[in-house]
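*Asks:* Next input, structure requested:
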Amino acid sequence: MVRSLGRAYALYFSNLGATIILNDIKDPSSVAQEIKNSGGKAIVVSGSVSEGDKIVERAIAAYGRIDIVVNNAGILRDRSIGNLTADMWDTVVDVHLTGTFKVMKAIWPYFLRQGYGRAVNISSPVGIYGNFGQSNYSLAVSKSTPPSIQG
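*Replies:* Predicted coordinates for the structure are as follows:
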């Protein structure tokens with residue numbers, strides 16, 4: 001389910017007239033229904049953000065173009081480095097780094113063809129300042145927001 005910031009971004013852009021594609025590892029249908037109930041348009045693509053091709057393909061099939069992408073997916077696996085497993089590390093990096101990359105890689109050709117596109121990559125101050133038990137998250141969020149993307 002799209003929660004917290006993701007939900008807020010979706011509702012905000014919907015209120016501005018945007019058509020919304022919601023993605024989450026859990027079913028974000030309740031947020032899509034909330035958008036539809038307020039007169040907006042929204043579809044759901046459930047699954048990992050690391051499946052960027054699937055998300056972009058579904059959006060293009062439904063609407064023919066994408067103008068803005070908000071990369072907001074995030075998870076935590078809080079453990080001190082001594083208790084952090086490789087799977088916990090990989091899961092966080094897969095969402096924050098690989099997910100952002102795969103969505104941007106999939107959408108980039110459409111942005112170029114359209115001659116337009118905007119990306120909003122959400123990060124966290126934890127990437128700058130750190131947090132106990134969040135070495136994987138700190139690394140992933142510090143690297144997931146490129147200063148600029150050139151065509």
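*Asks:* Please, where are all the strands along the chain?
*Replies:* Ranges of strands in the chain, per DSSP state E, are 19-24, 41-46, 68-71, 118-121.
*Asks:* and the first one, what other elements does it pack with?
*Replies:* On a contact count with 3 or more C-beta pairs under 8 Å, 6 or more residues apart in numbering; DSSP states H and E, strand 19-24 meets helix 4-15, helix 29-37, strand 41-46, helix 52-63. (Each C-beta comes from the backbone N, C-alpha and C, glycine too.)
*Asks:* Can you list the neighbours in contact with it?
*Replies:* 1-2, 6, 10, 13-14, 28, 31-32, 35, 40-47, 49, 55, 58-59, 62-63, 66, 73 (C-beta atoms under 8 Å, 6 or more residues apart in numbering).
*Asks:* now this structure, which segments are flagged as low pLDDT?
*Replies:* 1-3, 125-151 (pLDDT under 70).
*Asks:* most centrally placed residue in it?
*Replies:* Asn71 (3.1 Å; C-alpha atoms, centre = their mean).
*Asks:* And the nearest residue to Arg58 once chain neighbours are set aside, how close does it get to Arg79?
*Replies:* Spatial nearest neighbour of Arg58, excluding adjacent residues (C-beta to C-beta, 6 or more residues apart in numbering): Val45 at 4.7 Å. Distance, Val45 to Arg79, by C-beta to C-beta, to the nearest Å: 30 Å.
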